[in-house]
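*Asks:* Dropping a prediction and its sequence here:
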Amino acid sequence: MRIGCNLPDSFKITLPINIDDRGYFCINAEINNEYDMDFIIDTKAINLAKEEDIKKFNSNYMGTSPISTRNMYGQKEKFPLYYFDSFEIPPLKFNNPSFFSISSTNHLHSMMYKNILGVNLLKHLRWKFSIDDRQMILFDNNNTSLLNEETEGFLKIENGLRDNNIILSYPFEMEHNPFTLDIGFLGEISINNESFKKINQYFPYKKILTDRAASIDTTYVFEGLKVKINDINVPNCQLIYSAKINRNLVGVKMMHRFNFVLAYSYYKKETSSEHLFIQPVKNFNSLTFEPYVNKFGFQIRKTEDGLIISGIEIGGMAEIAGLKIRDKVLSVDNKNFYLKVESNKGEDFLTYLANKEHIEIQIERNKEIMKFQLSLAQS
């Protein structure tokens, strides 16, 4: 049976918007009437689930995908495909959605802290993300009048869900650059090498060593720039360049500045469209970027083993003091800031640091415990 054939001909459901600690848009799904979990919504991925979750959810094996990748040992590895007998975003029911199984030897496994709901399911309906109302509205992709109603006052980007159909320009450039919407990219704007070579002539940037699970990358960060997305000027933006990504992307943090609609039209493939509708949120002009690293020059990230240093500004305070990428964080200010993997939020840590001029951070590196003093007075 084709996925989605259980969906009603016409429907509209309203859910609370679900934005997780990192800033991803998520949705809760019920699997085989027994399990439920949050999935990251990703417009440029396919359905992905960790191998251990595939097994736990009593899935059905379909075979292997023709797509292959290199695993951690350099060996070619094909993706096994599985489907669930029952998959629901209540009250919507989907028939036999397939998921690529990600094994522990795949580099993606360590990067996925949640499973992913990708475009092979997303395209069967339309998705409205109303940031102002804190709502997510799901509705069928047959109803033109409902689409018009839900997008009144929005800017339409023709086939803006397809690659390179968003037009973005910088203040100093005459030409426009094609960008792709990717709400699985955790950032505001990613630029490719060609764009980086142009922009770095005009604006200063920070160089950040960044842990990307499988490797350590240098990320170049531009902050406070004004850009134009199609016909909308967006102030105080953050742009990054990473050779590992090397793509022009509009990411999930940028979409926090907009109410937006993913308007897929799937049933008639020969005339299918994938429009994006955007509308600035009410406090649009007062919004700004989230710092890539905190004012002491580092960032932290949750892992299965605890909290680690995931970013270090080159030449920044943390690097000069001796902190390194992948140091395991044991305590901050002698546990005045409570570190707990299950509940700690990155933004809570930034809030804690907001009025701090000095912090002490205790880490573990190669089984050795170390303490570092970081002080803005010495910077």
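*Replies:* Ah, there it is.
*Asks:* Next up, phi/psi of Glu51, please.
*Replies:* phi -50, psi -40 (degrees, to the nearest 10).
*Asks:* For it, the count of nearby residues, please.
*Replies:* 16 (other C-beta atoms under 10 Å). For glycine as for every other residue, the C-beta is placed from the backbone atoms N, C-alpha and C.
*Asks:* ranges for the helices of the stretch 51-200 of the chain?
*Replies:* 51-56, 107-111, 119-122, 144-150, 193-199 (DSSP state H, counting those that start in this stretch).
*Asks:* From Gly160, how far out is Thr151?
*Replies:* 12 Å (C-beta to C-beta, to the nearest Å).
*Asks:* Which one's more surrounded, these two?
*Replies:* Higher neighbour count among Thr151 and Gly160: Gly160, with 25 against 20, using other C-beta under 10 Å.
*Asks:* those helices in the stretch 251-379 of the chain, which residues are they?
*Replies:* With DSSP H, counting those that start in this stretch as the criterion, the stretch 251-379 of the chain has helices spanning 252-255, 317-321, 346-353.
*Asks:* taking these together, which one is wrapped up most tightly?
*Replies:* helix 252-255 (a mean of 22; mean count of other C-beta atoms under 10 Å).
*Asks:* Mind pulling up the pLDDT for the closest residue to Lys56 other than its chain neighbours?
*Replies:* Leaving aside its sequence neighbours, Lys56 sits nearest to Tyr35 (C-beta to C-beta, 6 or more residues apart in numbering; 7.2 Å). For Tyr35, the model assigns a pLDDT of 90.
*Asks:* for Tyr35, which residues make a bridge with it?
*Replies:* Ile31 (DSSP bridges).
*Asks:* May I ask you to confirm that it is in contact with Ile54?
*Replies:* No. With contact defined as C-beta atoms under 8 Å, Tyr35 does not count as touching Ile54 (11.4 Å).
*Asks:* More neighbours: which of those two?
*Replies:* Ile54 (23 against 13).
*Asks:* who's in contact with that one?
*Replies:* Applying C-beta atoms under 8 Å, 6 or more residues apart in numbering to Ile54 gives the contacts Tyr82, Phe99, Ser101.
*Asks:* Including mean pLDDT and distance to Tyr292, could the helices of the stretch 51-200 of the chain go into TSV?
*Replies:* Below are these laid out as TSV (pLDDT from 0 to 100; distance: least, C-beta to C-beta, whole Å):
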stretch	mean pLDDT	distance to Tyr292
helix 51-56	91	30
helix 107-111	78	18
helix 119-122	92	28
helix 144-150	95	34
helix 193-199	91	15
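*Asks:* Return the most buried member of those.
*Replies:* helix 119-122 (a mean of 20).
*Asks:* Export that helix to CSV, keeping only CA atoms.
*Replies:* The C-alpha trace of helix 119-122 is given here as CSV (Å, rounded to 0.1, in the frame of the first residue of the first chain):
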residue,chain,number,x,y,z
VAL,A,119,10.7,14.5,3.0
ASN,A,120,9.4,11.0,1.9
LEU,A,121,6.7,11.5,4.6
LEU,A,122,6.5,15.3,4.8
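*Asks:* Give me the below-cutoff pLDDT ranges for the chain.
*Replies:* 1-5, 68-75, 171-175, 213-214, 266-271, 338-347, 378-379 (pLDDT under 70).
*Asks:* domain parsing for it?
*Replies:* 12-124, 137-286, 298-378 (automatic domain parsing).
*Asks:* how about TSV for those, with distance to Asn6 added?
*Replies:* Putting the domains of the chain into TSV (distance: least, C-beta to C-beta, whole Å) gives the following:
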stretch	distance to Asn6
domain 12-124	4
domain 137-286	12
domain 298-378	35
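*Asks:* of the ones you listed, which approaches Ile131 most closely?
*Replies:* The minimum distance between Ile131 and the domains of the chain falls on domain 137-286, with 5.0 Å, by C-beta to C-beta.
*Asks:* wait, which of the helices of the stretch 251-379 of the chain is closest to Asn142?
*Replies:* Short answer: helix 252-255, nearest of the helices of the stretch 251-379 of the chain by C-beta to C-beta, at 25.1 Å.
*Asks:* Show residues contacting the closest one.
*Replies:* 23-25, 129, 181-189, 229, 234, 237-238, 289-290.
*Asks:* and if we set it to 10 Å?
*Replies:* 19, 22-25, 40-43, 129, 131, 168, 179, 181-190, 227, 229, 234, 237-238, 276, 278, 289-290 (C-beta atoms under 10 Å, 6 or more residues apart in numbering).
*Asks:* Any of those residues buried? List them.
*Replies:* The neighbour count (16 or more other C-beta atoms under 10 Å) marks 19, 22-25, 40-43, 129, 131, 168, 179, 181-185, 187-190, 227, 229, 234, 237-238, 276, 278, 289 as buried among the contacts of helix 252-255.
*Asks:* for the contacts of Ile54, which one is nearest Asn355?
*Replies:* Phe99 (44.8 Å).
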